[in-house]
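> Need a 3D model of the sequence below.
(2 chains)
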Amino acid sequence: MTGLSRARWLLAVSVMLVAACGGSVPTDSDQTDPVEFEAGPLGAVVVAPGEQIHIRSLNSISGDIAFLGIPNQRGVEMAIADYGPVAGREVSMGTPLDDLCSPEGGQSAAQATVADPSVVGVIGTTCSSAAAAASPLISDAGMVMIAPSNTSPALTSDLAGNPSASYHPGYYRTAHNDLFQGKAVALFVRDHLGFDTAAAIHDGDPYTQGLAEAFKDAFEELGGAVTAFTAVNKGDTDMISVLTEVAAGRPQALFFPVFMPEGAFIVQQVDGVTGLEDVTLIVSAALLVDNFMELPESQGVYISGPDLRFGDNRNSITGRSAVELLDAYEAAHGEAPSGGYLAHAYDATTMLLRAIDQVAVDVDGTLHIDRAQVRDELTRTSMDGIIGPIDCDQYGDCGTQRLTVLYNTDPRNIEAGKNNVVFEYAP
Amino acid sequence: MDTFLWIVRVGAIILLIWGVAGTVVQGLSGQGPTGEAWRDLVVAGIAQGAMYGLIALGYSMVYGVLGFINFAHGEVFMSGGMVGFFVANYLWEVRLWETNFVLAILLVLLSSILTSTLVAVIVERIAYRPLRASPRLIPLITSIGISFFLQYTFAGLFGVAVKNYPPPPDSLRSRVSLLGLEIEGSKLLVIVVAVATMVGLYLFVEKTRTGRSIRAVAEDKEIAALMGIDVNRTIVATFAVGGAMAGVAGTLWALLFRGVSFITGFLPGIKAFTAAVLGGIGNLPGAMAGGVLLGLFEGVGPQLVLAGFGIPGVSQLKDVVAFTALVLVLIFKPTGLFGERLSAEDRA
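Numbers count the residues shown, from 1 in each chain, chains lettered A, B, ... in the order given. Coordinates of the predicted model:
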């Protein structure tokens, strides 16, 4: 038997075997290029026929910061529902994970996430402190995370092309970078209020410390003097000591981007400190919460944060506008969102789902999602979100970077305060 | 004398003098807090310390009678402050808080005392009495468990968010002149109430029949029982009095800081325990004095000592100062400032 006839004989046997096993033999009429998939360096998620695509929500859904995390999680749920099937598959968020707004919580939730190889990516965390602990684990597992409300500069870059200490590939965010917020507050104090001196207090958390440092740097760059840069401990109640330290420099403004309850203790005790009788108080969006704004002592306090005036913006993927999103939220949950990052979470989720949709490859009914390609696709993101244009830089900053300063005029009418924009900044 | 201990003592004194001298130099060069600021720090430290002292009384009394540290006492304090918040909030809604603050705060005080007393007595009956014959480590660990149980029971019942008492009237927020010093009204009230409570407790323990029973049981339970004292009832009374003191502290906390949450009792509880050790465990005047001193160390120490070394953000180190002060006091005087009061069994 010659080599050629042996090959024909083997082909004939193969055809008979395939036919006997019930398989179909390609014919000229249905012959197409075979779809092939080869996983990239980070591996791939394989979704068997009939199974769902898995993503996770990792937000602060208990504790003092649940006011931010719960709307974030609901934003993820709404985006999944609005987007519909991805590459023909339903998307599952699984059981919501809690970052506890702490490094321990972030790490624990991230460990639970990476233990499940079917997860493509995560929407979260709510807090920067949790993200700093979660992002190395998520990154090492080849997954992606898109944070709706992390703002610490330490998580992405210095905006001058240099990655920050806690940046890990696969991390993205739709929230602003606090280097911009620090600049915004500095401009507000220096140019809008016309002050020469200011002090700052943080609590050691990556978010509060990063923002306070960004403010300090920007304020000094603008020619102002920072008379005190100090910190409280989380859990402190007696603020007299730290306020006395601040009062020694007699600053005209005091910026303290801390959370509750420390923020409340500061505004309640500042009146009793000699030297701070006329100081102007400025806080960040961490205190844009009802139980702070309702305090009588919060009257006259300025609050910096993301610009939440979304106007007619629409998410270009789902077509939802901000008004429609809020209406749907209230209809579903019977209340307005308690935090300001609902739209950021919604847009972040659509970003992730679109990226999965773009890179998913169907091979004989089995879906393959290449992890490296998901990252590449996210880095290339250029879309319109409810929050405005979303364009990612190489270190994951994707948000619109529009900031405002609000003025709380009346603690008995906090809705008025939430809409009382007295300063805006867009780089 | 132990050479190492001697070196530590001398080193501590040198560092202390060095830090204070550095602060004085800074003050003379126009940096650092002003005279008014030092006054504010001292007054705030005494007010906070008085509150620590009141809580410390509960630790000291229970230790004196049962010989173990009741780590759930911080939560007994928190429970009073928490229930007091709901009463205060109601009185604010019906406007009594604004129209008759004295009556309102008395009602809040009463509710806080009743709650803390009740919680302390129930904890003793359910958790500690069955373990009375056990080694001391058992009730000690139980008390840590009870502490968490109470924290999360309150979190479950009332939520985790901080609850803010209504603002006190302007008269308490403005300054009052006392011996030429301008002192914030609320802090002066806290100090006065704490001192009055302490004096009342001292008279109660020294002059009343129940007080004598408590002292007798603290001295020797078996002999006290032979003398006709109902030991169980006396122990319940001890927990009740300690709880009442914690209830008073709960209301004073509200006057000073206004915010309460389910973990409000944790750190003040630890500080109060520190104060009790500082003053001499089992010694009631020692507990009160230990509390005031601890408050002063916390309030003034960072600025007075650490700022002199040029350390930035010294306020964040106030807990370090407080606990270092405890260690130093114990190095110089191991039985605490006023000496321990131990039972015959403990002394043996």
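
> Pop the domain breakdown of chain A in here.
A:44-175+A:309-396, A:179-306+A:405-425 (automatic domain parsing).

> Adding mean neighbour count, write these out as JSON lines.
In short, each C-beta sits where N, CA and C put it, glycine included. Output for those, formatted as JSON lines (neighbours: other C-beta atoms under 10 Å in any protein chain shown):
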{"stretch": "domain A:44-175+A:309-396", "mean neighbour count": "21"}
{"stretch": "domain A:179-306+A:405-425", "mean neighbour count": "21"}
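
> is it possible to export those domains to CSV including mean pLDDT and distance to chain B?
Formatted as CSV, the domains of chain A follow (pLDDT from 0 to 100; distance: least, C-beta to the nearest C-beta, whole Å):
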stretch, mean pLDDT, distance to chain B
domain A:44-175+A:309-396, 95, 6
domain A:179-306+A:405-425, 92, 4
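
> could the ones you listed go into TSV alongside distance to residue B:207?
Formatted as TSV, the domains of chain A follow (distance: least, C-beta to C-beta, whole Å):
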stretch	distance to residue B:207
domain A:44-175+A:309-396	46
domain A:179-306+A:405-425	35
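
> so what's residue 39 up against?
The chain I'm using is chain A. Residue A:39 is in contact with A:368, A:370, counting by C-beta atoms under 8 Å, 6 or more residues apart in numbering or on different chains.

> oops, chain B please
Going by C-beta under 8 Å, 6+ apart, residue B:39 touches A:274, B:181-183.

> List the buried residues for the helix or strand hosting it?
Element membership for residue B:39 (DSSP states H and E) is helix B:35-66. Within helix B:35-66, the residues scored as buried using 16 or more other C-beta atoms under 10 Å in any protein chain shown are B:37-38, B:40-66.

> all strands of the stretch 201-350 of chain A, in order?
Secondary structure of the stretch 201-350 of chain A (DSSP state E, counting those that start in this stretch): strands located at A:225-231, A:253-255, A:280-283, A:302-306.

> Return the member of the contacts of residue B:39 nearest to residue B:315.
Minimum distance to residue B:315 across the contacts of residue B:39 is 15.9 Å, recorded for residue A:274 (C-beta to C-beta).

> do you know how far the nearest residue to that closest one once chain neighbours are set aside is from residue B:151?
In this structure, residue A:274 finds its nearest non-sequential neighbour in residue B:36, 3.9 Å apart by C-beta to C-beta, 6 or more residues apart in numbering or on different chains. Using C-beta to C-beta, to the nearest Å, one gets 38 Å for the distance from residue B:36 to residue B:151.

> likewise residue B:106?
28 Å.

> Just the pLDDT at the residue nearest the centre of chain B, thanks.
The residue lying closest to the centre of chain B (C-alpha atoms, centre = their mean) is residue B:52, at 2.0 Å. pLDDT, residue B:52: 93.

> returning to what we had before: in a markdown table: the strands of the stretch 201-350 of chain A, plus distance to residue A:192.
Shown next, in a markdown table, are these (distance: least, C-beta to C-beta, whole Å):
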| stretch | distance to residue A:192 |
| --- | --- |
| strand A:225-231 | 17 |
| strand A:253-255 | 11 |
| strand A:280-283 | 11 |
| strand A:302-306 | 10 |
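
> okay, now residue B:170: neighbour count?
8 (other C-beta atoms under 10 Å in any protein chain shown).

> Let me see the contact set for the residue nearest to residue A:274.
With C-beta under 8 Å, 6+ apart, residue B:36 has these contacts: A:274-275, B:182.

> Make CSV out of these and add distance to residue B:80.
Putting these into CSV (distance: C-beta to C-beta, whole Å) gives the following:
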residue, distance to residue B:80
A:274, 32
A:275, 34
B:182, 31
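
> and residue B:76, that's in a helix?
Yes - the assignment for residue B:76, made by DSSP: H, G, I helix; E, B strand; the rest coil, places it in a helix.

> So which residues on chain B come close to chain A?
Contact residues, chain B versus chain A (C-beta under 8 Å from any C-beta of the partner chain): B:31-34, B:36-37, B:39-41, B:44, B:48, B:160-162, B:164, B:167, B:173, B:184, B:187, B:256-259, B:261, B:263-264, B:267, B:298-299, B:302-303, B:307, B:312-316, B:318-319.

> Give me the buried entries from those.
B:32-34, B:37, B:40-41, B:44, B:48, B:161-162, B:164, B:167, B:184, B:187, B:256-259, B:261, B:263-264, B:298-299, B:302-303, B:307, B:313-316, B:318-319.

> Keep only those of the residues you listed that are in strands.
Here DSSP state E is the test, and those give B:164, B:184, B:259 as lying in strands.

> For these, give me TSV that also has pLDDT.
Formatted as TSV, these follow (pLDDT from 0 to 100):
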residue	pLDDT
B:164	87
B:184	84
B:259	86
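
> Tabulate the residues you listed (JSON lines), appending distance to residue A:99.
Putting those into JSON lines (distance: C-beta to C-beta, whole Å) gives the following:
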{"residue": "B:164", "distance to residue A:99": "26"}
{"residue": "B:184", "distance to residue A:99": "39"}
{"residue": "B:259", "distance to residue A:99": "24"}
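
> Going by distance to residue A:204, which of those residues wins?
residue B:259 (19.9 Å).

> Report the beta-bridge partner residues of the closest one.
residue B:164 (DSSP bridges).

> Disregarding residues adjacent in the polypeptide, which is nearest to residue B:249?
Take residue B:249 and drop its neighbours on the chain: the residue closest to it by C-beta to C-beta, 6+ apart is residue B:54, 4.0 Å away.

> do you know how far the one you found is from chain A?
For residue B:54, the distance to chain A equals 16 Å [C-beta to the nearest C-beta, to the nearest Å].

> Packing partners of the helix or strand that contains residue A:138?
Residue A:138 is part of helix A:128-140 when elements are defined by DSSP H and E. The contact analysis (3 or more C-beta pairs under 8 Å, 6 or more residues apart in numbering or on different chains; DSSP states H and E) places helix A:128-140 against helix A:103-114, strand A:119-124, strand A:144-147, strand A:171-173, helix A:206-221.

> if we can go back for a sec, out of the strands of the stretch 201-350 of chain A, which is closest to residue A:46?
Judging these by C-beta to C-beta, what sits closest to residue A:46 is strand A:302-306, at 37.8 Å.
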